[in-house]
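Enquirer: Fold the following for me, if possible:
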Amino acid sequence: MSDPERIIRLKTVLSRTGLSRSTMYRKIAEGTFPCQVRISIHGAGWRESAVNQWIADPVGFRNEHAG
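Expert: So this is what the prediction gives:
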């Protein structure tokens, strides 16, 4: 059985990517960083697999869900 998708929070994402908060949100707006996933009314996180994809290829990453 495969592991369920993990959702990681902001501090973890910033720590793992080395990005500043403002740079990360700018990249989300540009479609070059994974979008957040709503996990509660006031909470959000990121799919760990999407963040790992970005870490593996930050220049080539394109968010297919960017509007």
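
Enquirer: Next one: the nearest residue to Ser20 once chain neighbours are set aside from Ser22, what distance?
Expert: Nearest non-adjacent residue to Ser20, counting by CB to CB, 6 or more residues apart in numbering: Leu14, 7.4 Å away. C-betas here are computed from N, CA, C, even on glycine. Per CB to CB, to the nearest Å, Leu14 is found 11 Å from Ser22.

Enquirer: Between those two, tell me which one has more neighbours.
Expert: Comparing Leu14 with Ser22 by other CB atoms under 10 Å, the one with more neighbours is Leu14, at 14 against 8.

Enquirer: show me what contacts the more buried one?
Expert: Residues counted as contacts of Leu14 (CB atoms under 8 Å, 6 or more residues apart in numbering) are 20-21, 24.

Enquirer: Doesn't it belong to a helix?
Expert: Yes - according to DSSP: H, G, I helix; E, B strand; the rest coil, Leu14 belongs to a helix.
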